[in-house]
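Enquirer: Predicted coordinates and the sequence they were generated for:
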Amino acid sequence: AHNFITRSGLKWNIHEAASGQQAFDFLQSRYAQQGSLPDVILLDLLMPVMDGLQFLEAFQKLPYTRTSDTKIIVLTISGNRERQRRSIELGAIAVLEKPLNP
């Protein structure tokens, strides 16, 4: 997704995380330092340590996410409709299947 966004010409600050836990820790740190969350999160369902569904569950429990305007878009290679449905239930605004194309 990072290469896709970079090639699009959009001028966004992009932060990557190698696992769901690393992403979650980044969000907590960013909020503690800046008092804000990212505008958009591209979330892969298949991540080590904490998968995408676990991340969504943890994200929803954070007290400051209740007033957040953060949009979460789930990326998946799986056609697993149950996991996609669960992603939406947990707050994702969309589920996109990889590979992405323009």
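Expert: Cool, got the structure. Computed from a prediction, not measured in an experiment: that's the story for all the values here.

Enquirer: Quick check: beta-bridge partners of the most centrally placed residue in the chain?
Expert: Central residue of the chain (C-alpha atoms, centre = their mean): residue 43, 3.1 Å from the mean position. Counting by DSSP bridges, residue 43 forms beta bridges with residue 74.

Enquirer: these two touch, right, it and residue 57?
Expert: No. At 11.9 Å, residue 43 and residue 57 do not qualify as touching, with contact defined as C-beta atoms under 8 Å. Placement of C-beta: from N, CA and C, glycine included.

Enquirer: Just want to check the distance between residue 77 and residue 84.
Expert: Using C-beta to C-beta, to the nearest Å, one gets 12 Å for the distance from residue 77 to residue 84.

Enquirer: Helices of this structure, start to end?
Expert: Along the chain, counting by DSSP state H, helices occupy 2-8, 20-34, 52-61, 81-89.

Enquirer: Where does the prediction get shaky in the chain?
Expert: By pLDDT under 70, the weakly predicted segments of the chain are 1-12, 65-67, 78, 101-102.

Enquirer: Between residue 77 and residue 84, which has more neighbouring residues?
Expert: residue 84 (19 against 11; other C-beta atoms under 10 Å).

Enquirer: What residues are bridge-paired with the spatially closest residue to the more buried one that is not a sequence neighbour?
Expert: Using C-beta to C-beta, 6 or more residues apart in numbering and skipping residues adjacent in sequence, the residue nearest residue 84 is residue 95, 4.4 Å away. Beta-bridge pairing for residue 95 (DSSP bridges): residue 74.
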